[in-house]
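Asks: structure for the following, please:
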Amino acid sequence: MTTLSSLQTRSSLRQGLAVLRRGVHDEPRWFAVAVVGSTIYGVMTSLTAWAIGHVTDKAITPAIAAGHVTAGQLWYIGGTVALVVIAMIVGVIGRRIAGGVAMYNLGARYRRQVTRQYLRLPLRWHHRHPSGQLLSNANADVEATWNVFAPLPMAIGVLVMLVFGVIQMVVVDPVLALIGLTVFPLLFLANLAFQRAMSPRVTWAQQLRAEVSEVAHESFEAALIVKSLGREDFETERFLHVTNQLRDANIEVGRTRGRFDPAIEAIPTIGTLAVLVVGTMRVRSGQLSAAEVVQIAYLFSIMAFPVRALGWVLAELPRAVVGWDRVSAVLGAEGAMAYGERALPTGGASHLAAHDVGYAHEAVTESGIIEHNPAIRGVTLEVPAGSTVALVGPTGSGKSTLTELMMRLVDPDSGVVRVDRIDLREVRRRGLSQVAALVAQQTFMFDDTVRGNVTLGEAHPDERVWAALEVAQAADFVAHLPRGLDTRVGERGASLSGGQRQRVALARAVIRDPQLLILDDATSAVDLSVEQAILAGLRQASSGTTVLVVAYRMATILLADEVAYIEEGRLVDHGDHASLMARCAGYERLVTAYAREAAERGAIAAEEQRGAGEEVRL
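Replies: Numbering: from 1, shown residues only. Predicted structure coming up:
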């Protein structure tokens with residue numbers, strides 16, 4: 001067991017040193033400045049002992065013997081000590097500023113790398129990783145990885161200081177230096193034992209930090225469900241459980257630190273006492289002067305605390321290793337989409353086609369096994385340029401997954417998706433987004449103005465923004481907002497209704513004049529009359545646009561040139577509405593169910609209107 005623990009400690013130390021090498025490689029200049037500053041600090045700290053011994057011998061001892069002190073002696077004492085202290089301050093400032101810049105630069109660099117990797121990785125990878133974990137990777141884990149660079153320059157300066165101090169002690173008196181050479185190895189051994197004890201505890205605490213972030217984020221995201229279903233107590237208890245675990249882990253870290261701190265503090269103190277005892281005896285025998293004993297004793301006292309920086313680095317290394325493992329897992333994740341160099345044609349509606357496309361969703365079990373759930377099975381579908389095709393099917397039939405494949409949010413497991421007869425995997429990065437737009441059922445609004453949510457930072461004049469809002473039947477309600485286009489919509493568009501958010505999202509797509517527009521039930525939150533007005537506006541505005549629309553309502557289906565009926569991930573049939581009604585039983589049952597539901601809603605609305613009219617007459 002001891003051998004295993006020793007091997008794990010050495011492995012953790014090697015991994016930690018590898019993390020340090022990477023950080024030094026990424027920030028060589030600032031780290032070099034920090035090391036120079038720390039070296040100056042270490043040398044000057046050691047010279048402080050020499051300065052005190054020197055002024056004791058040259059000024060303080062003669063003044064005591066004479067019974068009075070002269071102005072020259074005071075200037076000599078103050079000037080000597082001041083020169084050393086000023087140089088030490090310069091070293092401290094250089095060490096702290098440069099070390100801090102290196103640490104924060106590394107944090108910023110790797111946060112950018114992690115977030116860029118998130119954007120490169122496909123939705124399939126994101127589906128396997130909770131959002132809270134991803135936030136932890138980009139924040140807490142990056143911070144844990146590079147926080148070790150705060151004490152690292154000081155620890156290097158301490159090593160310089162120790163070497164310089166030991167040399168001074170050997171020059172002054174080899175016997176007292178031998179005591180020092182005994183004390184410092186004991187300090188190193190104590191720090192190594194401290195690191196070994198802290199490593200598993202710090203590792204566990206860092207993992208729990210990520211777990212707390214995951215649970216918290218999930219609870220925030222599910223706030224509507226939690227509140228509507230009265231699950232506040234359950235979520236509170238779930239969060240309380242992981243936070244209590246983190247609290248206990250942090251307490252254990254503190255207890256471990258508390259157990260080792262007295263020993264690490266005591267070793268230099270015992271060394272100083274030993275120096276004073278032995279030094280006093282040697283002064284009495286005439287082998288040393290009082291100034292030399294003071295110099296060595298002071299060296300021990302000033303080096304006692306900085307040596308703790310070595311323990312600080314050793315204690316931070318396990319946390320850095322855990323953080324780096326989690327960060328590097330993201331940076332090294334496979335599945336990022338490959339892109340080619342081809343550009344899609346511009347200036348006209350796009351032709352969209354899927355040939356024998358298959359796709360399976362992935363889910364990670366508690367044991368870490370990836371399970372595959374087929375969603376699309378051998379679908380071949382063509383959407384001619386300039387046409388409107390309605391994608392119809394029961395819930396869970398794979399419609400949304402097919403739209404994701406068509407927009408290349410994910411790549412098919414088999415088959416190929418082409419736009420203008422070009423395999424999307426051959427198209428350059430962001431090439432498709434320049435000619436195509438997707439409006440999903442679940443719309444996302446940024447905490448920005450209406451204008452910002454429509455333009456997404458692109459330079460569009462207000463006239464174009466209003467025109468896009470007009471097509472999306474959003475111009476009227478936006479005009480009545482307190483500040484019109486400059487009205488902030490709040491986090492996730494909290495100040496807008498679901499239908500209003502959908503219409504702003506439609507305007508976001510329309511303003512880009514896409515050659516290919518994919519609507520995934522993008523008007524589900526608006527009433528029938530508004531939907532008809534939106535679809536009519538899109539039909540008029542998108543004469544040069546190919547439209548693939550996931551449809552549930554008859555009004556949407558009837559506007560399509562062709563209907564594709566999908567069931568259990570397979571394309572069952574396609575053609576015009578009348579043909580499918582005649583020959584496809586599944587389509588007929590589904591569409592008539594939609595029609596019956598719409599008729600029932602219309603009848604209820606008409607009855608309510610009649611009731612309201614009778615109340616007015618009464």
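Asks: got any ranges where the stretch 351-500 of the chain has weak pLDDT?
Replies: 363-371 (pLDDT under 70).
Asks: how about 80 then?
Replies: Within the stretch 351-500 of the chain, the stretches with pLDDT under 80 are 362-372, 430, 441-443, 491-493, 498-499.
Asks: helices of that one, residue ranges please.
Replies: With DSSP state H, counting those that start in this stretch, the ranges of helices along the stretch 351-500 of the chain come out as 399-406, 450-455, 462-471, 475-479, 498-510.
Asks: report all helices and strands that the last one contacts.
Replies: Read that as helix 498-510. With contacts taken as 3 or more Cβ pairs under 8 Å, 6 or more residues apart in numbering; DSSP states H and E, helix 498-510 sits against strand 436-439, helix 450-455, helix 462-471, helix 475-479, helix 528-541. (C-beta placed from N, C-alpha, C; glycine too.)
Asks: quick one: which of these is nearest residue 245?
Replies: With Cβ to Cβ, the closest approach to residue 245 among the helices and strands packed on helix 498-510 belongs to helix 450-455: 39.6 Å.
Asks: ok, residues contacting the closest one?
Replies: 445-446, 460, 462, 465, 468-469, 478, 481, 484-487, 489, 493, 504, 507-508, 511 (Cβ atoms under 8 Å, 6 or more residues apart in numbering).
Asks: tell me which of the helices and strands packed on helix 498-510 lies nearest to residue 238.
Replies: Of all the helices and strands packed on helix 498-510, helix 450-455 comes closest under Cβ to Cβ, at 33.3 Å.
Asks: list the contacts of residue 69.
Replies: The contact partners of residue 69, by Cβ under 8 Å, 6+ apart, come to 59, 63.
Asks: for it, phi and psi?
Replies: phi -120, psi 140 (degrees, to the nearest 10).
Asks: tell me how far it lies from residue 76.
Replies: 10 Å (Cβ to Cβ, to the nearest Å).
Asks: kindly report the same for residue 241.
Replies: Distance of residue 241 to residue 76, computed by Cβ to Cβ: 67 Å.
Asks: and the two? which has more neighbours close in?
Replies: Taking neighbours as other Cβ atoms under 10 Å, residue 241 and residue 76 compare with residue 76 leading, 15 against 12.
Asks: I figured that one hits residue 62, correct?
Replies: No: using Cβ atoms under 8 Å as the test, residue 76 is too far from residue 62 to be in contact (10.5 Å).
Asks: verify the stated contact: residue 462 with residue 485.
Replies: Yes: contact between residue 462 and residue 485 holds when scored by Cβ under 8 Å: they sit 6.4 Å apart.
Asks: need the helices and strands packed on helix 498-510 in a markdown table with distance to residue 564 and mean neighbour count, can you?
Replies: Converted to a markdown table, the helices and strands packed on helix 498-510 look like this (distance: least, Cβ to Cβ, whole Å; neighbours: other Cβ atoms under 10 Å):
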| stretch | distance to residue 564 | mean neighbour count |
| --- | --- | --- |
| strand 436-439 | 17 | 23 |
| helix 450-455 | 30 | 22 |
| helix 462-471 | 25 | 18 |
| helix 475-479 | 32 | 16 |
| helix 528-541 | 17 | 17 |
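Asks: for residue 312, find the nearest of the ones you listed.
Replies: Going by Cβ to Cβ, the one of those nearest residue 312 is helix 450-455, 45.1 Å.
Asks: got the buried residues for stretch 165-182?
Replies: For stretch 165-182, the neighbour count (16 or more other Cβ atoms under 10 Å) marks 165-166, 168-169, 172-173, 175-177, 179-180 as buried.
Asks: tell me which of those is nearest to residue 532?
Replies: Proximity of the buried residues of stretch 165-182 to residue 532 (Cβ to Cβ) peaks at residue 165, which lies at 85.8 Å.
Asks: now name the helix or strand holding that closest one.
Replies: For residue 165, the host element (DSSP states H and E) is helix 152-172.
Asks: that helix packs against which elements?
Replies: The contact analysis (3+ Cβ pairs under 8 Å, 6+ apart) places helix 152-172 against helix 28-55, helix 71-120, helix 174-221, helix 290-304, helix 308-331.
Asks: what average pLDDT does that helix get?
Replies: For helix 152-172, the mean per-residue pLDDT is 77.
Asks: that older thread, dump the helices of the stretch 351-500 of the chain to JSON lines, plus distance to residue 18.
Replies: Shown next, in JSON lines, are the helices of the stretch 351-500 of the chain (distance: least, Cβ to Cβ, whole Å):
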{"stretch": "helix 399-406", "distance to residue 18": "39"}
{"stretch": "helix 450-455", "distance to residue 18": "43"}
{"stretch": "helix 462-471", "distance to residue 18": "52"}
{"stretch": "helix 475-479", "distance to residue 18": "55"}
{"stretch": "helix 498-510", "distance to residue 18": "45"}
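Asks: for residue 105, find the nearest of the ones you listed.
Replies: helix 450-455 (30.2 Å).
Asks: related to what we said a few turns ago, and the buried residues of stretch 165-182, which two are furthest apart?
Replies: Between all members of the buried residues of stretch 165-182, the farthest pair (by Cβ to Cβ) comes out as 165 and 175, at 15.8 Å.
Asks: which elements pack onto the lengthiest helix in the chain?
Replies: Assignment by DSSP state H gives helix 232-284 as the longest helix of the chain. For helix 232-284, the packing partners by 3+ Cβ pairs under 8 Å, 6+ apart come out as helix 174-221, helix 290-304, helix 308-331.
Asks: the residue sitting furthest away from the middle of the chain and residue 73, how far apart?
Replies: In the chain, counting by Cα atoms, centre = their mean, residue 66 sits farthest out from the average C-alpha position, at 69.2 Å. Going from residue 66 to residue 73 by Cβ to Cβ gives 9 Å.
Asks: report the beta-bridge partner residues of residue 359.
Replies: residue 376 (DSSP bridges).
Asks: so it touches residue 403, yeah?
Replies: No: using Cβ under 8 Å, residue 359 makes no contact with residue 403, being 11.6 Å away.
Asks: got the buried residues of stretch 165-182 as JSON lines, with distance to residue 159 columns?
Replies: Shown next, in JSON lines, are the buried residues of stretch 165-182 (distance: Cβ to Cβ, whole Å):
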{"residue": "165", "distance to residue 159": "11"}
{"residue": "166", "distance to residue 159": "11"}
{"residue": "168", "distance to residue 159": "15"}
{"residue": "169", "distance to residue 159": "16"}
{"residue": "172", "distance to residue 159": "21"}
{"residue": "173", "distance to residue 159": "23"}
{"residue": "175", "distance to residue 159": "24"}
{"residue": "176", "distance to residue 159": "21"}
{"residue": "177", "distance to residue 159": "17"}
{"residue": "179", "distance to residue 159": "20"}
{"residue": "180", "distance to residue 159": "15"}
